[in-house]
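In: Let me see the structure of the following:
(one chain, ligands or ions: 1)
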Amino acid sequence: MPQIELHNLQFAYPEKSFNLNVEQHLFSDSMTAIVGQNGAGKSTIFKLLTGLLKQDAGRITIDGVVLNDFKPSERLKKIGITFQNPDDQLFNATVKREVEWSLSQVNSDKDQNAARAVEVLKKVGLADKSDENPYDLSLSERKLLTIATVLAVDPEIYLFDEPMMSLDWPSKRMVTDIFRELSATGHQVITITHDMDWVAEEFHSVTVMEHGEIKFSGTPRDLFGDRELLQRVGLLPPKIMELAEMLGDSKTYLSPQDYQNQNIVQ
Ligand SMILES: Nc1ncnc2c1ncn2[C@@H]1O[C@H](COP(=O)(O)OP(=O)(O)OP(=O)(O)O)[C@@H](O)[C@H]1O
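Out: Numbers count the residues shown, from 1 in each chain. Just a heads-up that it's a prediction; the model follows:
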């Protein structure tokens, strides 16, 4: 499993209206969710991790190698990202070419890239849209296309910024299955999300950000079991816990299945 370490990381946008400050943090789990209120600094961390922004001080290392020491093609094989807004990263004339362009950054064999593009477009359910212009796709299809562009390259670490935003239920199911497969095959998946039900059900590890700092890192059960922390950082527990609380039960539940498991009548 790849290890990402942040050491004394500091960053401020030019206007100095926001400061990111992370003393020490390790991302080493196969499925990590980054959560926190709007403006907490979640996307900024992703931009620093991919070199889109440069920190003012401190270091980011991946498996002990300083991020800036990777050559661009090495970095793309190490770490891939999908942005919150797909329009920030799609610019080719067709869906197929969009995926092939990503691949061309790491592999010059056009035939191999064309075959790989067909494979990943099938995986995200866009095979029949291959020749369409990405801007003629729905928002949810454009989100899936950005996922295909990163899956094609198959980096060791995947960063997804709000991947479920605007997806319908079958697409959410499909993306969850893709994430499970990535996690089971030795990749590291780090996802920014506001969906606490999904965090509780699917993720092994959760990192909470507030005002540019990391306030918690641990399991979803430990996070959702700490009501005081949740309130302090402005997060809600999963819906199943809110429902249980209405029935006078204040235990920690991660899913309806978890509720059932903990309340089985012997
Ligand atoms: N290019 C920029 N220039 C100046 N300030 C910025 C820039 N991008 C983001 N910010 C500010 O930095 C802070 C952190 O932004 P960031 O996008 O990292 O937050 P976030 O936790 O991802 O929020 P959200 O959940 O809304 O996506 C916010 O106050 C935001 O307005």
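In: pretty sure Val153 contacts Ile81?
Out: No: using CB atoms under 8 Å as the test, Val153 is too far from Ile81 to be in contact (10.6 Å). Where you see a C-beta, it was placed from the backbone N, CA and C, and this is true even at glycine.
In: Below-threshold pLDDT in this protein: ranges please.
Out: Within the chain, the stretches with pLDDT under 70 are 265-266.
In: which bits of it sit near the ligand?
Out: By CB under 6 Å from any ligand atom, the residues of the chain that approach the ligand are 13, 15, 17-18, 36, 38-44, 84.
In: Now the phi/psi pair for Met165, please.
Out: Backbone torsions of Met165, given as degrees, to the nearest 10, read phi -60, psi 130.
In: Could you pull out the strands in the stretch 151-266 of the chain for me?
Out: 157-161, 188-192, 205-210, 213-218 (DSSP state E, counting those that start in this stretch).
In: Take the ones you listed and write them to TSV, including mean neighbour count and distance to Met31.
Out: Converted to TSV, those look like this (neighbours: other CB atoms under 10 Å; distance: least, CB to CB, whole Å):
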stretch	mean neighbour count	distance to Met31
strand 157-161	24	10
strand 188-192	24	5
strand 205-210	22	7
strand 213-218	17	14
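In: Figure out which of those strands is closest to Ile60.
Out: Ile60 sits nearest to strand 157-161 of all those, at 11.6 Å, using CB to CB.
In: Does anything pack onto that closest one? Which helices or strands?
Out: helix 42-49, strand 79-82, strand 188-192 (3 or more CB pairs under 8 Å, 6 or more residues apart in numbering; DSSP states H and E).
In: What is the next helix or strand after the first one packed up against?
Out: Translated: helix 42-49. Next in sequence after helix 42-49, counting helices and strands by DSSP states H and E, comes strand 57-62. Strand 57-62 is packed against strand 4-12, with contacts defined by 3+ CB pairs under 8 Å, 6+ apart.
In: Helices of this structure, start to end?
Out: 42-49, 72-78, 95-104, 110-123, 139-153, 169-184, 196-202, 220-224, 227-233, 239-246, 256-262 (DSSP state H).
In: List the buried residues of the fourth one.
Out: Spelled out, it's helix 110-123. Residues of helix 110-123 classed as buried: Asn113, Arg116, Ala117, Val120, Leu121, Lys123 (neighbour count, 16 or more other CB atoms under 10 Å).
In: swap in the fifth one?
Out: By 16+ other CB under 10 Å, the buried positions in helix 139-153 come out as 140-153.
In: repeat for the shortest one
Out: For helix 220-224, the buried set under the neighbour-count rule, 16+ other CB under 10 Å, comprises Pro220, Leu223, Phe224.
In: just stretch 45-56 next, same as before
Out: Ile45, Phe46, Lys47, Leu48, Leu49, Thr50, Leu53, Gln55.
In: roughly how far apart are the first one and Pro86?
Out: Read it as Ile45. 20 Å (CB to CB, to the nearest Å).
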